[in-house]
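> Would you be able to build a 3D model of this:
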Amino acid sequence: MADATAAAVPDTLYEWFDRAADRHPDEPAVEAGGTALAYHELRRAAEHVAARILAAHGSAPRRISVMATRSVAILAAYLAGQRLGATVTPVNPAFPARRNRMILELAGAEVLVVDAGDASQLDGELAGLVPTELRLDSEEVAAAGRATAAPAAGLPAYTTGPDDVAYVLFTSGSTGRPKGVPIRHRNLSPYLAHNIARYGIGPGCRTSHTFDLTFDPSVFDLFVTWGGGATLVVPGRAELLSPVDYIVDNGVTHWFSVPSVVSVGAQLGNLPAGRATGLRMSVFIGEQLSYDQARAWHAVAPAAAIENVYGPTELTVACTEFALPDDPAEWPATSNDTVPVGPVYDFLDHLVLDESGRPAEEGELVVRGSQRFDGYLDPADNRGRFLAYDEHGAAPYDGEGPLTAAHYYRTGDRVRWEAGRLVHLGRLDNQVKVRGYRIELGEIEAAMRRHPDIDQAVVIALKRGDDIELVGCHTGAPVEPQPLGRWLRKRVPVHMVPRRFRHLDTLPLNPNGKIDRPRIAGDLQSPNLAAAGPAGGNGGHHGATR
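Numbers count the residues shown, from 1 in each chain. Have a look, this model is predicted:
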């Protein structure tokens, strides 16, 4: 891949997989739940699922959703959607059914594919929502992949092109309505080509699959692996609590996860030093990677390279990268003791802009280029998220007029150049990362305000070591924390439920009349908070998801 010409790079996700299946038909493509399939078998399994979708729906759907579980059936269904040229939107069975209903409606899903072993929501609140429902059994799908008979006939010709949308993922929205992020195949191909070459992915490599399909780094897991002809090694959820056992027992050579996996493993005593001798590369994404975490992981696998990468969903998984030197004595010091995230990929354009919209050493990172998406599913969400820049300065996009390739995407992340490297300093707005999930605090506040006894709500993110603790503050009638946490868990994913709650008579305001969040955060350091008791789950381990 390192010397591949632009003409040789596949145009679409399915073509990346299909080309690898042609070149390496007998190489192992996936190992999941005790099932292993070679590339030609996984392709046949995907074709089998595609044929079943056609038969159930009556025609090739434009939009498919999959209930994202770690099974051969769902991985084949994801590929089947791509083979049919559909836009794929994963939904998470661990999320509240109400949220999944909203996502399916916003995505316009025509087909919903679920693993038969995880169909509880389909039997409940999601029943009848999507025109075509398809339940798959992983053993049956794997058997179809291994069949010696000719593959199912009647699949339409593959006509998908680079301008078609490969997938839509939904991020947290400040109004309580998730924002849809459509990513086109042309956004993905440069990303895949760059990472396959950078990490030397090919036959014989065994890559981790730590990310849920609702989290865009899963695209790296699947298609950097399959684009290079490597093996995707799928863990069970519990295995991620003992990451070193998973790596050693499965011969993983390339690891990709959020840094929280390191912290949780250390807390549980599951990071034995020096054991992961076969690991070659470790890549972290989704939240700041602290030097404490990097040192702990280096002790686990002293011979493995460590890289820190960064990128929002809107810029197609990742757009920066930084490799730590092999010798920890040479690791560069940073102002906040986190590993640098940059530079930005050299084929993308970027600026760091201060509050006045001028280039600066510290400010907001804005990026444009081949990996930048074309705008949100709802164009109203584009307002203020892009800007144009010329010699006169920055002009934020107000939603009027065309959104062009010349516009930069505003990441909302504050960065600083330190010794020629980008260091991530935090969010400029009320978005935070908890266990790798990007969370809009306003979405949690909107959900809290729907409680019949709550008038106003503010969610504060407090730094607790390497973790972020969410604290929900509210006015109105006092509400017991544990019942409030249970109520909220039915409305937002568990990683968005504050760990603690605090009742306030009023919310303090600053001189501009806005809620004084810094003052509330300062007050939350008082011992009185402890009386609230635990109510949510954002401090627990939720795998490697964003």
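> How about the contacts made by the closest residue to residue 194 other than its chain neighbours?
Excluding the flanking residues, the one nearest residue 194 by CB to CB, 6 or more residues apart in numbering is residue 345, at 6.5 Å. (C-beta placed from N, C-alpha, C; glycine too.) If a contact means CB atoms under 8 Å, 6 or more residues apart in numbering, then residue 345 has 194, 319-321, 369, 371 as its contacts.
> Kindly indicate which of those residues lies nearest residue 186.
Within the contacts of residue 345, the smallest distance to residue 186 is 9.3 Å, found for residue 371 (CB to CB).
> So what does the residue nearest to residue 194 look like in phi/psi?
phi -50, psi 140 (degrees, to the nearest 10).
> For stretch 128-143, measure first residue to last.
End-to-end distance for stretch 128-143, by CA to CA, to the nearest Å: 29 Å.
> That stretch: which residues count as buried?
Within stretch 128-143, the residues that qualify as buried are 129-130, 132-136, 138, 140-142, counting by 16 or more other CB atoms under 10 Å.
> Which of those fall within strands?
Per DSSP state E, strands hold the following members of the buried residues of stretch 128-143: 132-136.
> separation between residue 418 and residue 307?
17 Å (CB to CB, to the nearest Å).
> Kindly apply the preceding question to residue 499 instead.
On the measure of CB to CB, residue 499 and residue 307 end up 30 Å apart.
> out of these two, which sits in the busier spot?
residue 499 (24 against 20; other CB atoms under 10 Å).
> and the more buried one, how far is that from residue 467?
Relative to residue 467, residue 499 is positioned 9 Å away (CB to CB).
> ditto for residue 208
22 Å.
> Pick out whichever of those two has more residues nearby.
More crowded of residue 208 and residue 467, by other CB under 10 Å: residue 208, with 27 against 17.
> got a pLDDT number for the more buried one?
Turning to residue 208, the model gives it a pLDDT of 97.
> tell me the angle the longest helix belonging to the chain makes with strand 132-136.
If you go by DSSP state H, the chain has its longest helix at helix 39-57. Relative orientation of helix 39-57 versus strand 132-136 (axes from the mean of the first three to the mean of the last three CA atoms, to 10 degrees): 140 degrees.
> now the helix or strand following helix 39-57, how far from the chain's geometric center?
Going down the chain from helix 39-57, the next helix or strand is strand 63-67, by DSSP states H and E. Offset of strand 63-67 from its chain centre (CA atoms, centre = their mean, to the nearest Å): 17 Å.
> which strands and helices sit next to the helix or strand that strand 63-67 is followed by?
Per DSSP H and E, the first helix or strand lying C-terminal to strand 63-67 is helix 72-83. Using 3 or more CB pairs under 8 Å, 6 or more residues apart in numbering; DSSP states H and E as the contact test, the elements touching helix 72-83 are helix 13-23, strand 28-32, helix 39-57, strand 63-67, strand 87-91, strand 111-115, strand 132-136, helix 138-146.
> Looking at the ones you listed, spot the one closest to residue 445.
The closest of those to residue 445 is strand 87-91. By CB to CB, the value is 23.2 Å.
> And the closest one, what's buried?
Neighbour-count burial for strand 87-91 flags 87-91 (criterion: 16+ other CB under 10 Å).
> Tell me which two of these sit farthest apart.
Distance extremes for the buried residues of strand 87-91: the farthest pair is 87 and 91 at 13.5 Å, using CB to CB.
> which stretches of the stretch 51-200 of the chain have low pLDDT?
Low-confidence segments of the stretch 51-200 of the chain (pLDDT under 70): 150-153, 173-175.
> same question, the chain
1-7, 150-153, 173-175, 510-514, 526-546.
> center of it, which residue is that?
Centroid-nearest residue in the chain: residue 215, 2.5 Å away (criterion: CA atoms, centre = their mean).
> That one sits in which helix or strand?
Here residue 215 is assigned to no helix or strand, by DSSP H and E.
> how near is it to residue 72?
Distance of residue 215 to residue 72, computed by CB to CB: 20 Å.
> Same question for residue 133.
Where residue 72 is concerned, residue 133 sits at a distance of 19 Å (CB to CB).
> And for residue 432?
Noted for residue 432: a distance of 35 Å to residue 72, by CB to CB.
> of those two, who's got more company?
When neighbours are counted by other CB under 10 Å, residue 72 comes out ahead of the other of residue 432 and residue 72, with 28 against 21.
> quick one, what contacts the more buried one?
30, 32-33, 35, 37, 45, 138, 141-142 are the contacts of residue 72 under CB under 8 Å, 6+ apart.
> Closest one to residue 219 out of the residues you listed, please.
When those are compared against residue 219 (criterion: CB to CB), the nearest one is residue 30, at 15.2 Å.
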